[in-house]
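[1] Fold the following.
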Amino acid sequence: MRLQDCGFILNQASKELRPHGTIEFPCAGYSSHHTNRSKNVIPWHWHEELEIISIVSGKLKVKVPSKSFILEQGDCIVINSNILHFAAAEGDCRLHSLVFAPSLIGGNDNSVFAKKYMLPLLSCHSFTGYYISCKEEEQIVCWFQEAFTSMLQNTQGFEFIVRGCLSRICLFLYGIFEQELGIQDIAMNQDHLRIKKMLAYIHEHFSENISLGDIAKAADIGERECLRCFQKTIQLSPIQYLLKYRIMQGAKMLLNNPADGVAEIAGFCGFDSPSYFSKMFGRFYGCTPRSYKKLNAEV
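    As a prediction, this is how the structure comes out:
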């Protein structure tokens, strides 16, 4: 089974829409190269599948709500189902990842594997992202590598190998979080729901003149609570995230709509002033919008 191509198709709520694997075998493998250029970041997003990321070379910073991790060569991280996450390379980084549906391990929801192990693990409030050191948990890293390599090489019966290795990893995680399974963190769950609503609002209305109050209203909370929720979950203020998202959308438009001028794109992205758009663009991408268009057109 060949690896799938990397790329993100997200809805307004930052949920990834592309399928990972197939109905028959809901697991996909990815191999990708990232640099510290802003266009190479993995944006905040979430999906119903679990994800395991392994660092082949370089260094990667991964964020989940309220936590940040620095992964180096050989390290892995497991991201739980439905958890927002973001990643950016620190320099030059190559990574492998497997994204798989819980049903690959648990089967139907009435099976013992689902009821006893997978469903409690998926709903564990402490399990957002789990860092796996290649030095301290070498066996877990080996299981991932065995699963990934078997898929990459299309080994005979790779489906059994992948499911077996990922099952071992999930059982390991169950043991790590066993004492916390079934404990509900209402505040954390509420923050996750609120941030998804507010991100959806920003993504839908970023081109408009929206305020902190507008963003807070999308989740039916006050401005102070909105600030706290953003800072706790994604370590950015709402306005910082809005500005970053506008600039990233502007960068996409520069490449996808080459006939449009900088002033036109700036206006569409919610900037009153083309010069301010260019200034913020320079801070984020390290070059002017026109230079960015020219550099990427030559790649």
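[2] Show me what the helix or strand harbouring R283 is in contact with.
    Assigned by DSSP states H and E, R283 belongs to helix 274-285. With contact meaning CB atoms under 8 Å, 6 or more residues apart in numbering, helix 274-285 is reached by 37-39, 243-244, 247-248, 250-251, 262-263, 265-267, 269, 271, 287-289, 292. Backbone N, C-alpha and C define where each C-beta goes, glycine included.
[3] If I follow the layout properly, H34 ends up in contact with L60?
    Yes - look at H34 against L60 with CB atoms under 8 Å: they come within range, at 7.2 Å.
[4] When the two are compared, which one has more neighbours?
    Remark: of H34 and L60, L60 carries more neighbours, 24 against 21, as counted by other CB atoms under 10 Å.
[5] Specify the local secondary structure of that one.
    Following DSSP: H, G, I helix; E, B strand; the rest coil, we place L60 in the strand state.
[6] Which residues does it form beta bridges with?
    Judged by DSSP bridges, the bridge partners of L60 are L71, A89.
[7] what's it in contact with, if anything?
    The contact partners of L60, taken as CB under 8 Å, 6+ apart, are H34, I53, I70, L71, A87, A88, A89, E90, C93, L95.
[8] What of C27?
    The contact partners of C27, by CB under 8 Å, 6+ apart, come to H20, G21, L98, V99, F100, A101, L104, M151, V162, R163, L166.
[9] do that again at 7 Å, thanks
    C27 sits next to H20, G21, L98, F100, L104, V162 when contact means CB atoms under 7 Å, 6 or more residues apart in numbering.
[10] Which residue comes closest to L242 once chain neighbours are left out?
    I202 (5.5 Å; CB to CB, 6 or more residues apart in numbering).
[11] Is the one you found within a helix or a strand, and which one?
    helix 186-205.
[12] Run through the neighbouring helices and strands of that helix.
    Counting contacts by 3 or more CB pairs under 7 Å, 6 or more residues apart in numbering; DSSP states H and E, helix 186-205 packs against helix 212-217, helix 223-234, helix 238-256.
[13] would you turn the ones you listed into TSV with distance to D109 and mean neighbour count?
    Below are those laid out as TSV (distance: least, CB to CB, whole Å; neighbours: other CB atoms under 10 Å):
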stretch	distance to D109	mean neighbour count
helix 212-217	36	18
helix 223-234	28	18
helix 238-256	35	18
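[14] so the residue nearest to L242 touches Q240, yeah?
    No - with contact defined as CB atoms under 7 Å, I202 does not count as touching Q240 (11.2 Å).
[15] how much distance is there from stretch 102-117 to the middle of the chain?
    The chain centroid and the centroid of stretch 102-117 are separated by 24 Å under CA atoms, centre = their mean, to the nearest Å.
[16] now what about that stretch, what contacts it?
    The contact list for stretch 102-117 (CB under 7 Å, 6+ apart) reads 26-27, 50, 81, 118-119, 122, 163, 166-167, 170-171, 174.
[17] now swap in stretch 173-184 and tell me
    The contact list for stretch 173-184 (CB under 7 Å, 6+ apart) reads V78, Y117, P120, L121, C124, H125, S126, F127, Y130.
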